[in-house]
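Participant: can't give you the sequence, but here's the structure:
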């Protein structure tokens, strides 16, 4: 990462912004995904039922989705640095309460608080990336920032589980607070105001409600939101039962599961910057199509596997994640080109909310397809795979529309810049 970012494409301040946003995303993602591996320990020590644990997990996603939608009307009315600082502080406070929770109800309330604040952070980060970085390098930036997911998978989850086993299930949450507070202080002291969008002329009656209504009714934005919902549902369909499929169908022992995620995450750390660079070079939409084809083939092969050696499972997972990331990065980058500057914060907030809610819908839908009898192999997982691939193919057509809109906006901006240059 360092050698690439030190070239003349980015200034030192931009490198710092990328590093801070990536680290913030790392803490938010780790907080979101660490709860699942702690499930067995939580149910044992707290005496919660599986249904209650499911409620704790879903509470974050739905509260994050709702808060992102509600925050959309205010997202472009403030300095983005202050907006990010406010929600990151709330996220850390919620995580701290998770670490102190003595019972199920306290933990549920703490997860709701964490989701309310954490659900807005990704959208604010995307708005900042769009404000600071040009479209020609944005995929590369997104590649580095989205490495946070892979790092959380490789380092964060194993360390969190280790601390939970040695100290207690509260420890991972306290770890996130301990590493998040210094990042927040660095943001406060070193990030400059990000308020260019405030200088754009607005209508006299620019209330939060009118701004929200205008954003969700904009024809181009509606197409983008529909595309996001479709891509998210397709991307989340297989996730809820991935571990159960590995254990019950492919025959990976429970003790070896971390190796699958660890090695896949390590490969993803290497793949993401490469995907970002290639996407900026060959074109975002072309990279999206290539990623879709790779992921589609890998999904069909993977979901029809029976008992398979660990090394082969890891290899297939690496190819699968390479395809998925080759879709995610260009898709996210193209989405950032759709909103006008005064609407970026609202657009990103709504888009992020749709991702959270669509992920929840996908999980529920997957549960209606999968069948398991007497703790045996999962049935219909391949049907889930075929459904996922079908949605991914439809997604190519929808992303084609998004790409056309992005190209039109880029051409219009270039023409406007040329006209202004000639006028001067």
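Facilitator: In hand now; what should we look at? Predicted, not measured: the structure shown is a model, and the values here were computed from it.

Participant: for the longest helix anywhere in the chain, packing partners?
Facilitator: The residue-count maximum for a helix in the chain (DSSP state H) belongs to helix 381-423. For helix 381-423, the packing partners by 3 or more CB pairs under 8 Å, 6 or more residues apart in numbering; DSSP states H and E come out as helix 219-236, helix 284-302, helix 310-336, helix 344-369. For glycine as for every other residue, the C-beta is placed from the backbone atoms N, C-alpha and C.

Participant: redo these as TSV? Include distance to residue 148, mean pLDDT and mean neighbour count.
Facilitator: Shown next, in TSV, are those (distance: least, CB to CB, whole Å; pLDDT from 0 to 100; neighbours: other CB atoms under 10 Å):
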stretch	distance to residue 148	mean pLDDT	mean neighbour count
helix 219-236	17	88	20
helix 284-302	19	93	20
helix 310-336	13	88	22
helix 344-369	15	79	22
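
Participant: any chance of the ones you listed in TSV, with distance to residue 59 too?
Facilitator: Supplementary listing: these in TSV, determined by distance: least, CB to CB, whole Å:
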stretch	distance to residue 59
helix 219-236	17
helix 284-302	29
helix 310-336	25
helix 344-369	11
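
Participant: out of these, nearest to residue 134?
Facilitator: helix 310-336 (10.8 Å; CB to CB).

Participant: helices or strands up against that closest one?
Facilitator: Helices and strands in packing contact with helix 310-336 are listed as helix 104-132, helix 138-145, helix 219-236, helix 257-282, helix 284-302, helix 344-369, helix 381-423; criterion 3+ CB pairs under 8 Å, 6+ apart.

Participant: quick one: closest of those helices to residue 178.
Facilitator: With CB to CB as the criterion, residue 178 lies closest to helix 104-132 of the helices and strands packed on helix 310-336, at 15.7 Å.

Participant: so who does residue 31 touch?
Facilitator: 91, 95, 98, 114, 118, 173, 176 (CB atoms under 8 Å, 6 or more residues apart in numbering).

Participant: and the longest helix of the chain, how far out from the chain middle?
Facilitator: The chain centre lies 19 Å from the centre of helix 381-423; the measure is CA atoms, centre = their mean, to the nearest Å.

Participant: repeat for stretch 258-277
Facilitator: Relative to the chain's own centre, stretch 258-277 is displaced by 15 Å; criterion: CA atoms, centre = their mean.

Participant: do the same with stretch 248-268
Facilitator: Computed by CA atoms, centre = their mean, the chain-centroid distance of stretch 248-268 equals 21 Å.

Participant: what's the first-to-last distance across it?
Facilitator: Using CA to CA, to the nearest Å, the gap from the first to the last residue of stretch 248-268 comes to 25 Å.

Participant: what sits up against it?
Facilitator: In contact with stretch 248-268 (CB under 8 Å, 6+ apart) are residues 147, 149-151, 153-154, 157-158, 161, 243, 246-247, 305-308, 310, 313-314, 317-318, 321-322, 325, 372, 375-378, 381.
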